[in-house]
Structures are given as C-alpha cells and as structure tokens.
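In: Pasting a predicted model and its sequence here:
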There are 4 protein chains.
Amino acid sequence: MSKLRVAVLGAKGRIGSEAARSVEAAEDLDLVAALDRDDSLETLKESGAQVVIDLTHPDSVMGNLEFCVRNGMHAVVGTTGWTDDRLAQLNSWLDASPSTGVLIAPNFSIGAVLTMKFAQIAAPHFESVEVIELHHPNKADAPSGTAARTAQLIAAARAEAGSPAMPDATSTALDGARGADVDGVPVHSVRLRGLLAHQEVLLGGEGETLTIRHDSLHHSSFMPGILLGTRRVVSTPGLTFGLEHFLDLN
Amino acid sequence: MSKLRVAVLGAKGRIGSEAARSVEAAEDLDLVAALDRDDSLETLKESGAQVVIDLTHPDSVMGNLEFCVRNGMHAVVGTTGWTDDRLAQLNSWLDASPSTGVLIAPNFSIGAVLTMKFAQIAAPHFESVEVIELHHPNKADAPSGTAARTAQLIAAARAEAGSPAMPDATSTALDGARGADVDGVPVHSVRLRGLLAHQEVLLGGEGETLTIRHDSLHHSSFMPGILLGTRRVVSTPGLTFGLEHFLDLN
Amino acid sequence: MSKLRVAVLGAKGRIGSEAARSVEAAEDLDLVAALDRDDSLETLKESGAQVVIDLTHPDSVMGNLEFCVRNGMHAVVGTTGWTDDRLAQLNSWLDASPSTGVLIAPNFSIGAVLTMKFAQIAAPHFESVEVIELHHPNKADAPSGTAARTAQLIAAARAEAGSPAMPDATSTALDGARGADVDGVPVHSVRLRGLLAHQEVLLGGEGETLTIRHDSLHHSSFMPGILLGTRRVVSTPGLTFGLEHFLDLN
Amino acid sequence: MSKLRVAVLGAKGRIGSEAARSVEAAEDLDLVAALDRDDSLETLKESGAQVVIDLTHPDSVMGNLEFCVRNGMHAVVGTTGWTDDRLAQLNSWLDASPSTGVLIAPNFSIGAVLTMKFAQIAAPHFESVEVIELHHPNKADAPSGTAARTAQLIAAARAEAGSPAMPDATSTALDGARGADVDGVPVHSVRLRGLLAHQEVLLGGEGETLTIRHDSLHHSSFMPGILLGTRRVVSTPGLTFGLEHFLDLN
C-alpha cells in the first residue's frame, strides 16, 4: 500500500514539531514537508503532499487554506478564531474544489471530544448533571474553557429535550459552595499542585449515577486525533467542523 | 393532553410493584391495570391499556406478548431468556400487526446501557481498555454478567475497527494480577462490604485517559428506563431490542 | 469467655433500634436491657449492664450519664450539643468514679472519623488541599457539616505547622467556580440525584496527589463504631471525646 | 536565621541533580557541595556540610555513611538494599557519634508513604480491603512493588488485630478475575497507555467505604520528602528507617 503523503505547517512550534514526528513514526504516512513561517507554500506543491496539517496561527491560516484547497490538497486545521465570515470564505473555496476535504478541530484530544459528546448524549436522561474540572494552580481562568463549553453543551442538550430544572433543595449555603452557574449547570473548579488537566461530568438519576472522567497528562494526547483526522479527511470532501464527526459516534 | 394508559404485568413482584408506583406517579401516564399471575389477560382489554409493561417470567411472557400484539397493545418487556426462535415467533406476530411496537430490554438502567454504548464507541480510539467491576461480597460470580458483556462489546468494536492488540509488557506477574481475560480485555472484580454494584471502563491513549463509571445504588434505577420505553414504544412499531435504541445516541 | 453486658438507651429510635440488634448479633456482647424514654433507669442496675449505649437526646443525656457514672457503668454516647459546661460537669462525676469510662462520639462512622484524621495528618505535607462533598439533592445546607468540619481541621493543622498559603493563580473566575472558602480551604458541594453522602479530600504536591474518599451508603455504617466503642470503653477510664482515640492511629 | 548547609552525593544522577536544584531553591537551605562518583569525600568536610543527602548506589553508600557519621554530618539516604548486617554496622558507627542522625527512606514520596501508613491504620477497622494499582503498559512486573508492599502491610495489620478473613462468596469465577492474592489481600494490576503510577486502597465495612488513592505523576514527587528529611534529621539523633517517622502521624 502506498503511504499517504503529509505536510506539516508550523513544524517548529511545540505541537507542530510533535505532529511532524508522529507523522514520521506512522507506518501508513509519509512526511513530505515540514514548513515553518518563512517557508514558501510552493514547497507544498513540490512535495506532492496530499494532506496538509496546519498548526500555525489565525493570522496565516486563511492564506494557507486558500492555497491548499485551490491546489486540491486536503487540510487538517488546529488553529482557533473561526468566525462565520471565515467559514463562509472557506466554504466558497471548497465549492470550487468539490473533492477536497478540510477538517477544523478546536480540540484534537479524542478523550476531550468524547467526554463532551457523551455528556451531551447522556444529559437529558438524568435528573442532575454537574461538572468538576481540576487543574494545576497556575491556571488563570476558572472554570476552564473546556468545562464551560461542556456545561453549555449539556444545557443545550437538556433544553432541546425539554428536561426540567435540576433538583436542588439547598436553602443555606456558603458563597460559592454550589459552584459557578453555567447555563444552569453547576461547574466546580479545583486547583491543586501536582495536577495537569482533568474533567469529570457527574450525572445522577433515580438509584444510579454515571461519571465520565477525562485525564489529560500531556499535549501528546493531541497526536492520535491529528493522525485520525489526516487519514479520514482524504475521503470526506467539504468542510468538517469538529473531530467528533470522525469518531463513528453512531 | 390525555394520558397514556398503561398496564403492568407482574405487579406484585419487586420490580413490578415499583413500576406500578412509578407509572402512577408520572403525570403523563395513567395506570389502568396492575395484574399478577392469577389475573386474566382479558382485564387488559377491558382496561383500555395502550402499553403493557411485562415484568413477569420467561415462562409466561410469550403468551402475554401474543395476546398484547394481537390486540394492538404495545409492550415493554423486562424478562430474559430470549432465543432466536422466540424472537422469530414474536416478529411473526408483529408482522400481522404492523402498527404495534414491542421493546425488549435486557437492562433498563440507563446508566448501564450508556456505559456499554460509550465503551463500544470509545474503545477503538484508545490503545488500552480495561474493565473494573466492584460489588458487595455476597455475589457468587466474578466477573459480573454486565462486566463480561461490556468486555465482549469492547472486544467486538475493536475487532471491527481493526484495532491492534493492547500494549502490555508484563513479564513477571503473580497469578491473577492482570485480571480475567474476556476476549482479550482484562476484567478485574473487586468484592467489598459496603458496595452495591459499580463498574468502571478505563481507556488509555497517548497522554490521556478516559474513564466511564456507573454506580448502581438501588433497583429503582430501572424505573426511568421503563418509563422512557413506555413513552417511546407507542411511536416505534415493530421489535426493538435494547433500550439503547431509544436513547438518541446520534 | 463471659460476654460483656450491654444496655441501649433510646432503643426505639432509628439508630437505637439498630444498635440493639447489632449488640444482640455480636458474639461477645449480651444485650441485657433496651430502654426507651418512659422506662426507669433503675432497670439498668437490675440488668447488670456493664456498658450503656446512650442514643437518646441532649435533653436526657446528662441525667442518664449521672446515673451511669455514679453506678459504675461505662457509657458510649452518641448525642450532640456538648458544651464546656456540660463536659466539666461530666468530668466531675467521673472524678468521683475513677474506674469508669465514657466515650462521647460526634460521629460513629469509622470511615468519616478516619477521613478527618487522615486529612489532618496529611494536610501540612502538601501545597494544596481542597474538599469536595457530594450529596443527594434534598440536602438543605451546603457545604455539609462534615465537610465544613473537615476543612476547619485541615486549616488548623496547616496553621499549626506553619504551612504557607495555597498556590492559586486564578485571576478570572465565574462567581462560585472556586468553591466556598472555609478557613482558607476551598470546599465544593455537589448535589446529585442517586447519591447519598460522599466526601473527597484532595491533596496535591510536587508531582503527586493523594485523595481520601469516604462513601456513606447507610446509617448502618455507625454500628461498627458503636460496637468498637463499647468494647474499648471498659478499659479506658475517664472521658474520651471522639472515636478517633480508639482507632490506634499511631 | 542561618541556612542549613547541605551537600548532595550522586549529584549527576536523575534524582540527585533534581535534589541539588531543590536544595538550591529552598530559602532555608544552602547547597554547599554537589559531588559525583569521582569526587573526594574530603570535599564534604571542606564544604562545612551539616547534612549529606546520599542518592548514590548500594555499592558506595556504606563508605559514604561511615565518613559522614565519623565526621558528625547527618545523612539522608535514598539507596536500597539494606540488610540487617548493614544496619547493624551503621548503628555501631552511630553509637560512637550519639548526636548524629541518619534517615534511610525506601520511598521519599510523601503520598506513597502516607498511603501505606493510612492503609495500615484503617485496615483492621473494615471487613474488606483490596488494592488496585494502575501503571503505564511498559511496566514489567505485576503487581507493582509498592502495591505488594502495601498489601503485606495491610495483611500484617489485620493479623495483629485479629481481623477475621474477608467475606467473599465468589463460587464461579474466571481465572484471574479476583486478582492476585498477596497474604490474603486481593491486588489488581491495570496497565493502560497514558497512565504513570497510581494506587488505590479500597476499604469496605457495613454501609460505607473508604478509598485512599495516590497518583504519582513525576519523580519530582520525591523532592518534598527529601527536603523534609533534611530539615528534620538534624534534630533526630540515631537511625530512623522510613520517612513515615518524620510525618507526625500521631
């Protein structure tokens, strides 16, 4: 079997350099180019890359994607800052190249993506849902962006299903005891030396509880998702937003 | 809105009596009959039941279902012992009554059903998967039936996805340390006074782990699943096997 | 070996009746009296009780204890509301009966007592300590009394050891995200259908974390502590406050 | 306040170099020497070291300790392989230098030491105790040495207290389901990509469970224990074996 030819943009960054190594180590992938900011995009064409992994910056990603799509190269994109305008622009390029696929993923951790998806699926089936996130004490924001996003997805899933308000008889409470309220979902933030990034979704119903816990110990956790996206984007024309669409959730 | 008229068969059993109470307590359901083994099935017709919840016994369930389906009553069934022959017979009755729905559920605990489903979905995306089940020390079998079934589903999902064998460099081990082998998935059984019925699926990949834990504290945990099945079976003609099909998993 | 003769006061109450059954079931104990509020204390003398388990009420406990100590009967006491005045009074009775022992225990759950003790011991050795308590949603107060007490003990142990303030770089937070502040220890309260009473103490230091979790599933968890107190109080003259002193912690 | 003068032996090793950095970073400690295998011990005298941290090798530690004790320098020792003969020899040197202290610690992780100690204290008070250890899949032995040691300590504590056998009604089991038997304590070994080194002690009694969990994420977890030993050994003449004796456990 011939290997899939893959290029990495942003190959000198922390995640980019690790992605280049991971592509090199994969038996079915061939790293044909590893570019940094000063390298010319023309190199991509010369390399024969079939998939371009873009781990650069919101400032450069649009130019990179225009080049890739126009040249029929599929793309896997890890930058943030996607607005409706940007997505519309990208879609117009894809319309003109209908066999090309682009995956944009705000989070390449399969564990994080599954946690959010499972929380959404399960939330309407339980009376109570709360989120606990636990991080190292150098973190500036509380709750974490992932926890806030998870709580929003839970709240949206429950609203769509017509779930009633969660039961809570608390009448006397110290300030903060019941956590932050994110769209009606309590979120608790623990900050502890020794921890990295962890999240628990607790769901409770009559006589049972279900807990989904994600422990992230290293940014190498992004690699399996990046490689999965690389392998699947070649057979998924058009724009895919979110790694969850490649995880066979049904 | 008119209430859904519901009958319970096996209404003097432990689960059946609780199901009858749960139907009575639900605002959208009307308990119109609660029969035990000596009561005539004709009572079901007289009661105007739209859905019949059968929590009886493998010996009586086929007769009950033939009566229900022939009379156009939907059924929610919690008995076990379903063979291919029995299912074929049931399907032939349903063919003759195409608007009638029957749900058979080996497990009505939504938490247990979701745990198994999530484990199946996630298993191919991680290098390692193990199962720990924890029960009270009066339990006779190890591992639990649910844990063995979960491991089989995990193994099947990985086989279908072409997942490689799990990494394990163990070269020196005490007998039993690495658990029981169920289709290649290690399963560990803890027996501890004070526990009831608990199960953890641990999934691990590069730099991250995902844990799905189900704690079952009371057989009342079956009630939300029985009520959910009751509400949905009326709009799901034919045979549905497994509560997971009513949980909007995609 | 002759059995220890034990009486229970408050034997018709929820805990008292269970204590009476537990004494009866223990091979080394003999239930010689089970009194309720209208029974005469003289019955205790007639019964030959060596130990009296008092599970009555703050209104009656002082009279009961005066009677027991004056008659040389040891006592195990589960009532609350102990003031310095009351303790001084009790000690004066004990001074006059130097071979008699009284155990007063605010909490007879060995798991709860050990959790608090272990948290106290460990707290000065870690940079960060937080408490998460999780209860059913019908609970009125947040945090639970046990969690607040645990946090106070942690704070006191750290103050005595001269521990510095815990690290926390949080600069942007939603209200309540970081929990309630109990003497400088963050406490988080989760309310979830399906839960009973649970508490986790999380301790974190350089490169490691230690978690102590107590799950309480039934008030029968008080029985082993009551029986332990009963067996030990006969050889522990004077007043002992707190079951932890009988747990061989060193 | 003058700083405590500290030397590190084995200062080019993985743990030794980190210990040297930790001493340098501590406000109350002064790193006066950092020696590797080819350096002369005389340097220690010239440096004025009050405490010597020995992170070398069983081959060199006896020579190092003889030198330190004879010269009145306290020592904190992390090497393994201590036999009764070696300890007797060390004690004879200490007898001749009665104000000198030596701490030998098989494990400097405070979390690991406390987990073992708490398990020992709690084990006789619960009917059931099991150990689960979870490690990365490159580990060769199962169970881990720490888990086996923990189980032995639990078994010894229960034997001393006269605890009866644990309840276990298992009559039908797959091979290995109930774990390895270490002195009667079941030990379960999980091997999962993404994990490092983790251990759980589960204790269960009537109506409650207590869980003690240690997560070790980096060998930097040894540093707080090494610094604690350094500070305390100067006021603890003679031989101390085990960091637990410096943890104020009572």
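Out: Noted; the coordinates are in hand. Bear in mind that the values here come from a model prediction, so they are computed numbers and not experimental data. Numbering: from 1, shown residues only, chains lettered A, B, ... in the order given.
In: OK, contacts around the spatially most central residue of chain A?
Out: Per CA atoms, centre = their mean, the C-alpha nearest to the average position across chain A is that of A:Asn107, at 1.6 Å. Applying CB atoms under 8 Å, 6 or more residues apart in numbering or on different chains to A:Asn107 gives the contacts A:113, A:146, A:225, A:243. All C-beta atoms are positioned from the backbone trio N, CA, C, and that covers glycine.
In: Please tell me the pLDDT value assigned to the second one.
Out: So that's A:Thr146. Looking at A:Thr146, its pLDDT is 94.
In: again with the third one
Out: Model confidence at A:Gly225, expressed as pLDDT, equals 95.
In: now do the last one
Out: Confidence at A:Leu243, expressed as pLDDT, is 95.
In: quick one, what contacts it?
Out: A:103, A:105, A:107-108, A:110, A:113, A:225, A:228-229.
In: which one is it nearest to, not counting chain neighbours?
Out: With sequence-adjacent residues excluded and distances taken as CB to CB, 6 or more residues apart in numbering or on different chains, A:Leu243 is closest to A:Ala105, at 4.3 Å.
In: Tell me the one of the contacts of A:Leu243 nearest chain D?
Out: Nearest to chain D, judged by CB to the nearest CB, of the contacts of A:Leu243 is A:Ile110 at 11.0 Å.
In: got a list of what that closest one touches?
Out: A:221, A:224-225, A:228, A:243, A:247, B:122, B:125-126, B:205, B:208, B:210.
In: wait, A:Val23 sits on A:Leu55?
Out: No. In this structure A:Val23 lies outside contact range of A:Leu55 using CB atoms under 8 Å: 11.5 Å.
In: and for those two, which residues touch both?
Out: Taking CB under 8 Å, 6+ apart as the contact rule, A:Val23 and A:Leu55 both touch A:Val8.
In: sorry, back to before: tally of neighbours for the residue nearest to A:Leu243?
Out: Neighbourhood size, A:Ala105 [other CB atoms under 10 Å in any protein chain shown]: 23.
In: Quick check: which ranges of chain A have low pLDDT?
Out: Applying pLDDT under 70 to chain A picks out residues A:1, A:250.
In: Up against chain D, what does it have?
Out: Taking CB under 8 Å from any CB of the partner chain as the measure of proximity, chain A contacts chain D at A:194, A:196, A:215, A:217, A:221.
In: Quick check: which element contains A:Asp181?
Out: strand A:180-182 (DSSP states H and E).
In: Tell me which stretches of chain A form strands.
Out: Counting by DSSP state E, chain A has these strands, from start to end: A:4-9, A:29-35, A:51-54, A:74-77, A:101-104, A:128-135, A:141-142, A:172-173, A:180-182, A:185-191, A:197-205, A:208-216, A:238-241.
In: elements contacting the last one?
Out: Contacts defined by 3 or more CB pairs under 8 Å, 6 or more residues apart in numbering or on different chains; DSSP states H and E place strand A:238-241 against helix A:84-95, strand A:101-104.
In: And for the shortest one, what's in contact with it?
Out: When contacts are taken as CB under 8 Å, 6+ apart, the neighbours of strand A:101-104 outside the stretch itself are A:65, A:68-69, A:74-77, A:82, A:90, A:94, A:229, A:232-243, A:246.
In: now that strand, how far from the centre of its chain.
Out: 13 Å (CA atoms, centre = their mean, to the nearest Å).
In: That strand - which strands sit beside it in the sheet, and in what orientation?
Out: Using DSSP bridges, strand A:101-104 pairs in its sheet with strand A:74-77 (parallel), strand A:238-241 (parallel).
In: right, so these: which one is the most enclosed?
Out: Across the strands paired with strand A:101-104, averaging neighbours per residue (mean count of other CB atoms under 10 Å in any protein chain shown) puts strand A:74-77 on top, at a mean of 27.
In: could I get it in PDB with only the CA atoms?
Out: The C-alpha coordinates for strand A:74-77 follow below in PDB (Å, rounded to 0.1, in the frame of the first residue of the first chain):
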ATOM      1  CA  HIS A  74      -6.800  18.200   1.900                       C
ATOM      2  CA  ALA A  75      -6.300  20.000   5.200                       C
ATOM      3  CA  VAL A  76      -6.400  19.300   8.900                       C
ATOM      4  CA  VAL A  77      -6.500  22.500  10.900                       C
END
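In: contacts for it?
Out: A:50-54, A:61, A:64-65, A:68-69, A:100-105, A:226, A:229-230, A:233-234.
In: Longest helix of chain A, counting residues only.
Out: If you go by DSSP state H, chain A has its longest helix at helix A:145-161.
In: sorry, back to before: could the strands of chain A go into CSV alongside distance to D:Glu130?
Out: CSV is the format used below for the strands of chain A (distance: least, CB to CB, whole Å):
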stretch, distance to D:Glu130
strand A:4-9, 47
strand A:29-35, 43
strand A:51-54, 45
strand A:74-77, 44
strand A:101-104, 44
strand A:128-135, 25
strand A:141-142, 36
strand A:172-173, 36
strand A:180-182, 36
strand A:185-191, 27
strand A:197-205, 23
strand A:208-216, 20
strand A:238-241, 45
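In: Relative to B:Ala157, which of those is closest?
Out: Across those, B:Ala157 has its closest neighbour in strand A:208-216 (17.6 Å, CB to CB).
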